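>>> fold the following for me, if possible:
(one chain, ligands or ions: 1)
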Amino acid sequence: MSLAGKKGLVIGIANAQSIATGCARAFRGAGADLAVTYLNDKAKPHVEQVATELGADLFLPCDVQHADQLEALFEQVRERWGRLDFVLHSIAFAPREVLQGRLVDSSVEGFLTAMDISCHSLLRVARLAEPLMTEGGTLLTMSFHGSREVVSNYQLMGPVKAALESAVRYLADELGPAGIRVNAISPGPVATRASSGLSEFDELMQDATARSPGRRLATIEEIGFLAAALVMPGAGAVTGQTLYVD
Ligand code: NAD
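Presented below is the predicted three-dimensional model:
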């Protein structure tokens with residue numbers, strides 16, 4: 001149950017509350033070496049605290065909408081490690097007016113921005129990671145069950161996460177022969193920067209608490225535990241899945 005010597009890239013830490021932080025702590029706790037990214041200069045100091053705590057080997061900017069930044073990131077990974085074992089893609093974004101409106105009213109631009117950052121970016125990350133995963137590897141992304149069922153106020157992100165989960169299955173099929181596994185984790189609601197953009201998120205957390213068998217929400221540590229387990233060689237027969245931690 002060790003990740004000693006494994007090299008992992010973590011995209012999606014905004015601060016100590018991020019789901020990606022819980023995952024990165026679990027990877028590091030199991031012995032992995034990490035590269036950590038931050039979105040922009042505004043986010044940098046918040047992410048830097050976490051990167052320092054994790055003893056990250058690399059700390060680099062990555063806005064997935066900037067192709068040059070994404071390519072430079074993987075180039076730096078190649079220079080530093082020569083290979084890569086896993087990537088955590090734990091990002092999502094939708095313009096507030098689209099996120100908080102009705103799906104039926106969503107603009108093409110707003111829909112495409114959400115789809116680009118929250119879904120297509122996984123394909124770009126996979127394409128850049130593939131040549132570095134010379135000994136096989138694992139790609140992980142974060143979904144939410146609003147992809148399969150109607151969850152009040154999740155709206156636009158429902159179809160976006162449905163596309164993400166489908167992309168996971170097709171990527172798993174395409175990259176499987178190269179020994180690369182691709183899975184989505186579907187956590188229950190967690191109070192984070194991203195989730196604060198959803199209307200009535202407190203009510204969603206209360207509802208999830210009441211419905212959950214344990215009458216409580218999942219923690220980022222518990223999400224991280226599954227993420228670390230999925231990266232381990234023992235999970236070698238698990239791919240193309242959406243696994244719930246809720
Ligand atoms: P968070 O705000 O901590 O993380 C979201 C991350 O997305 C941030 O680090 C942000 O910098 C990044 N991001 C946004 N636009 C980007 C871009 N253009 N390029 C690169 N990075 C960008 O929130 P979180 O809740 O930890 O979200 C992580 C993932 O978990 C998301 O995919 C989210 O949909 C998913 N998720 C969250 C919940 C929840 O309740 N919080 C539940 C299920 C799934």
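>>> ok, the residue lying closest to residue 193 once chain neighbours are set aside - contacts?
Closest residue in space to residue 193, ignoring its immediate chain neighbours: residue 14 at 4.7 Å, by CB to CB, 6 or more residues apart in numbering. For glycine as for every other residue, the C-beta is placed from the backbone atoms N, C-alpha and C. Residue 14 makes contact with 20, 39, 43, 46, 47, 192, 193, 194, according to CB atoms under 8 Å, 6 or more residues apart in numbering.
>>> buried among the residues you listed? Make that a ChimeraX selection.
Burial among the contacts of residue 14 is assessed by 16 or more other CB atoms under 10 Å; the matching ChimeraX selection reads:
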select :20,39,43,46,47,192,194
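>>> which one of the contacts of residue 14 sits closest to residue 223?
Distance to residue 223 across these (CB to CB) is lowest for residue 20, with 9.4 Å.
>>> any idea how far that closest one lies from residue 193?
Residue 20 sits 11 Å away from residue 193, going by CB to CB, to the nearest Å.
>>> spell out which residues of this structure are next to the ligand.
Within the chain, the positions near the ligand by CB under 6 Å from any ligand atom are 12-14, 18-20, 39, 43, 62-65, 90-93, 117, 142, 144, 187, 189-190, 192-195.
>>> buried ones among these?
Buried, going by 16+ other CB under 10 Å: 12-14, 18-20, 39, 43, 62-64, 90-93, 117, 142, 144, 187, 189-190, 192, 194-195, out of these.
>>> burial count for the closest residue to residue 30 other than its chain neighbours?
Closest residue in space to residue 30, ignoring its immediate chain neighbours: residue 3 at 4.0 Å, by CB to CB, 6+ apart. Per other CB atoms under 10 Å, the neighbour tally for residue 3 reads 22.
>>> my read: residue 3 touches residue 228, true?
Yes. With contact defined as CB atoms under 8 Å, residue 3 reaches residue 228; the gap is 6.6 Å.
>>> which elements pack onto the longest strand seen in the chain?
Using DSSP state E, we find that the single longest strand of the chain is strand 180-187. Strand 180-187 is packed against helix 121-129, strand 137-142, helix 157-175, helix 220-231, strand 242-245, with contacts defined by 3 or more CB pairs under 8 Å, 6 or more residues apart in numbering; DSSP states H and E.
>>> 10 Å instead, please
helix 19-29, strand 86-89, helix 121-129, strand 137-142, helix 157-175, helix 220-231, strand 242-245 (3 or more CB pairs under 10 Å, 6 or more residues apart in numbering; DSSP states H and E).
>>> does the residue nearest to residue 193 count as helix, strand or coil?
coil (DSSP: H, G, I helix; E, B strand; the rest coil).
>>> give me the pLDDT for it.
As predicted, residue 14 sits at a pLDDT of 98.
>>> and the lowest mean pLDDT element among the helices and strands of this structure?
Least confident helix or strand, the chain: helix 96-99 with a mean of 93, by mean pLDDT, DSSP states H and E.
>>> can I get stretch 136-144 in PDB? Just the C-alpha atoms.
In PDB, the C-alpha atoms belonging to stretch 136-144 read as follows (Å, rounded to 0.1, in the frame of the first residue of the first chain):
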ATOM      1  CA  GLY A 136       1.600   2.900 -17.300                       C
ATOM      2  CA  GLY A 137      -0.300   5.300 -15.100                       C
ATOM      3  CA  THR A 138      -3.500   6.600 -13.600                       C
ATOM      4  CA  LEU A 139      -5.700   9.500 -14.500                       C
ATOM      5  CA  LEU A 140      -8.300  10.600 -11.900                       C
ATOM      6  CA  THR A 141     -11.000  13.300 -12.200                       C
ATOM      7  CA  MET A 142     -13.800  14.500  -9.900                       C
ATOM      8  CA  SER A 143     -17.500  14.200 -10.800                       C
ATOM      9  CA  PHE A 144     -20.800  14.600  -8.900                       C
END
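>>> buried residues in it?
Applying 16+ other CB under 10 Å to stretch 136-144 flags 137, 138, 139, 140, 141, 142, 143, 144 as buried.
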